[in-house]
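Prediction below, plus the sequence it came from.
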Amino acid sequence: MDDRGDLPPGLIVGLAVVDAVPVLLFCGSPLALVGHVGSVAFVLGAVLVAVGGVGKVAWKFATACARENVPLLS
C-alpha cells in the first residue's frame, strides 16, 4: 500500500465526502416509502443498511482525517 500502514491508497477527505452522498440519499429514501410499504421488516432492513453505510462513511472520514488506520475502527 504505502508508508502509512495498511491505509488504502488515495483515501482522502474528498473521497469520503463523495462516498457519503449515496448513503445520505439512501437514508432519506425509506422515509418516503415507509408509508406505502408499511412493513416492519422493511423498516428494520432499511435501518440496518443505513447503520452499516453510516459506519463505513465514519470509518472513511476518520481514516482520511487521521491519515492513518484507526485501530478501533479496523
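Alright, I've got the coordinates. Here the structure is a predicted model, which is why all the values come from computation and not from measurement.

just how off-centre is stretch 37-49 within its chain?
Relative to the chain's own centre, stretch 37-49 is displaced by 18 Å; criterion: Cα atoms, centre = their mean, to the nearest Å.

At which residues are the helices of this structure located?
With helices called from DSSP state H, the chain shows them at 13-37, 40-66.

Tell me which of those helices is the most buried.
helix 40-66 (a mean of 14; mean count of other Cβ atoms under 10 Å). Heads up, the C-betas are built off the backbone N, CA and C, glycines and all.

now the angle from the lowest-mean-pLDDT helix or strand in the chain to helix 40-66?
Ranked by mean pLDDT, DSSP states H and E, the weakest helix or strand in the chain is helix 13-37, scoring a mean of 84. Calculated by axes from the mean of the first three to the mean of the last three Cα atoms, to 10 degrees, helix 13-37 forms an angle of 170 degrees with helix 40-66.

Thanks again, I'm all set now.
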